[in-house]
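# Structure for this input, please:
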Amino acid sequence: VIAVVGADGNAGDALQVMQLQTECSAEDDLFLMNTFGALQLVGFTTDAGVFSPSIKIGLAYQIENVGRVRSEITTAVREGLFTGRQELVETPITLQPGENTSFPHSITIDPVESTRLFFFFTFVVRGVSPGGRPCIDANLFSIALL
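Residues are numbered from 1 along each chain as shown. Predicted coordinates:
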């Protein structure tokens, strides 16, 4: 489908519509991101509406105090080159031994629009021990579109 795109980025009236009939042979079914000649299927319309291949990934960073004394989290930051920086702790969080806290987060990736196959981001936690000593831990996460 070739459609007019308005100034607000929404699709307008269709200028040209092409229908491919593949129901005669199971081997000819088209799935998202498949190609048929020079065409690539990047979305489709059903009776329920337009389907887009966006992928929503839900994450939850969980921090647990596995020590024997209380600990204080002063900073938790998620940062990625393409996902930006997000401060997850506004005020310090005190965790007693065995207590935990989590920070939910989601990332939406559109494989059609994206020119990247890999997404990297870090999660850094800083805290203070009961004796006032600084603590830090960091993890690198990667997501690959296969």
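# From now on I want contacts and neighbour counts done on CA atoms only, so please keep to that.
OK.
# where do the strands sit along the chain?
Counting by DSSP state E, the chain has strands at residues 2-5, 11-16, 35-36, 39-40, 44-46, 49-51, 55-64, 71-80, 84-87, 93-95, 100-109, 118-128, 134-144.
# any chance of those strands in CSV, with mean pLDDT and mean neighbour count too?
Formatted as CSV, those follow (pLDDT from 0 to 100; neighbours: other C-alpha atoms under 10 Å):
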stretch, mean pLDDT, mean neighbour count
strand 2-5, 50, 13
strand 11-16, 58, 10
strand 35-36, 74, 12
strand 39-40, 73, 12
strand 44-46, 68, 10
strand 49-51, 66, 10
strand 55-64, 83, 12
strand 71-80, 86, 19
strand 84-87, 83, 12
strand 93-95, 92, 17
strand 100-109, 83, 12
strand 118-128, 83, 16
strand 134-144, 84, 11
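# how long is stretch 77-84 end to end?
End-to-end distance for stretch 77-84: 10 Å, by C-alpha to C-alpha, to the nearest Å.
# Next: stretch 106-125.
Stretch 106-125: ends 18 Å apart by C-alpha to C-alpha.
# CA atoms only: put stretch 60-73 into CSV for me.
Output in CSV follows, covering the C-alpha atoms of stretch 60-73 (Å, rounded to 0.1, in the frame of the first residue of the first chain):
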residue,chain,number,x,y,z
ALA,A,60,12.5,-5.4,35.8
TYR,A,61,15.8,-4.6,37.5
GLN,A,62,15.7,-6.2,40.9
ILE,A,63,18.1,-5.3,43.7
GLU,A,64,18.3,-7.4,46.9
ASN,A,65,20.3,-6.8,50.1
VAL,A,66,21.9,-10.2,50.6
GLY,A,67,24.1,-9.0,53.4
ARG,A,68,23.6,-9.1,57.1
VAL,A,69,23.3,-5.3,57.7
ARG,A,70,21.2,-2.6,56.1
SER,A,71,22.3,-0.9,52.9
GLU,A,72,21.3,2.3,51.2
ILE,A,73,20.9,2.8,47.4
